[in-house]
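Trainee: predicted model follows, preceded by the sequence.
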Amino acid sequence: DLKLQFLYFIGFIKCSLSKMPKTQLRSSLETKDGVQAGTVLILLAGRFRGRRVVLLKKDEKTNTLVVTGPYKVNGVPIRRVDPAYVIATSTKIDISKVDLSAITNDFFARPKRANKKGEEAFFKRNEKVELPENKKAAQQKVDDQLIKVLKGNEDQTKYLSSIFTLRDRDVPHAMKF
């Protein structure tokens, strides 16, 4: 009897992990409804986990969120983030005057690499690649405009520069963000 229950359990896991239905997959890719441009988000994964960032816009083509620190405040550059890996806070910043025309899908496109041919090219060490000037200029432009908005409120600047952490007795399900 126990053996049959175990085999049923294993079969259940295999069936549930097989292919996800398309409707379920689509719903997992949709962006969060309560998140609007200017909302402060907390990143949950990746290099900048725990950092608070400002949502610039939703990228409808890739179903991602375009966020920035701003870089001068907490070191987070303009980047795309999956909506599953953020917590939306109730803090909002007015970014209606921020020009986001330079941030398109081409902004995030990676440069094409040359095909390596031969043994010498294979073992050659890659030199560190500098950021393109257009990305640096766009980051500078967005940062300057966001810092102008934040200049009036010193508390928001400190809030954005702080890192979100959980301690021993913190219960995230009871927190209000």
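Mentor: Right, received. Where do you want to start?

Trainee: use CA for all of it now, contacts and neighbours both
Mentor: Noted.

Trainee: what ranges do the helices span in the protein?
Mentor: With DSSP state H, the ranges of helices along the chain come out as 2-16, 22-29, 71-74, 119-123, 133-150, 154-161.

Trainee: need the helix or strand of this protein with the lowest average pLDDT.
Mentor: The least trusted helix or strand in the chain, going by mean pLDDT, DSSP states H and E, turns out to be helix 22-29, with a mean of 48.

Trainee: quick one: low-confidence residue ranges for this protein.
Mentor: 1-34, 114, 116 (pLDDT under 70).

Trainee: switch to 90 and redo it
Mentor: 1-36, 45, 59-63, 69, 97-98, 100-135, 152-154, 164-177 (pLDDT under 90).

Trainee: spit out the contact partners of the spatially closest residue to Lys92 that is not a sequence neighbour.
Mentor: For Lys92, ignoring the flanking residues on the chain, the nearest one in space by Cα to Cα, 6 or more residues apart in numbering is Thr39 at 4.4 Å. Thr39 makes contact with Val54, Leu55, Ala88, Thr89, Ser90, Thr91, Lys92, Ile93, according to Cα atoms under 8 Å, 6 or more residues apart in numbering.

Trainee: I'd say Ala37 and Val98 touch.
Mentor: No. Contact criterion Cα atoms under 8 Å: Ala37 and Val98 do not qualify, at 10.6 Å.

Trainee: list the residues that contact Thr157.
Mentor: Thr157 touches Val73, Leu150, Lys151, counting by Cα under 8 Å, 6+ apart.

Trainee: now, which of those sits nearest Lys117?
Mentor: Distance to Lys117 across the contacts of Thr157 (Cα to Cα) is lowest for Val73, with 43.2 Å.

Trainee: residue nearest the centroid of the protein?
Mentor: Val81 (2.3 Å; Cα atoms, centre = their mean).

Trainee: that one bridge partners, please.
Mentor: Leu65 (DSSP bridges).

Trainee: contacts only, for it.
Mentor: Contacts of Val81 by Cα under 8 Å, 6+ apart are Thr64, Leu65, Val66, Val67.

Trainee: would TSV of those residues with distance to Lys112 and neighbour count be doable?
Mentor: As requested, the contacts of Val81 are arranged in TSV below (distance: Cα to Cα, whole Å; neighbours: other Cα atoms under 10 Å):
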residue	distance to Lys112	neighbour count
Thr64	22	20
Leu65	24	24
Val66	22	21
Val67	24	25
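
Trainee: from Ile163, how far out is the residue nearest to Lys92?
Mentor: Using Cα to Cα, to the nearest Å, one gets 16 Å for the distance from Thr39 to Ile163.

Trainee: for Asp144, same thing?
Mentor: For Asp144, the distance to Ile163 - Cα to Cα - is 22 Å.

Trainee: the closest residue to Lys97 other than its chain neighbours: neighbour count?
Mentor: Spatially, and ignoring its direct neighbours in sequence, Lys97 is nearest to Gln145 (7.7 Å; Cα to Cα, 6+ apart). Counted with other Cα atoms under 10 Å, the neighbours of Gln145 add up to 16.
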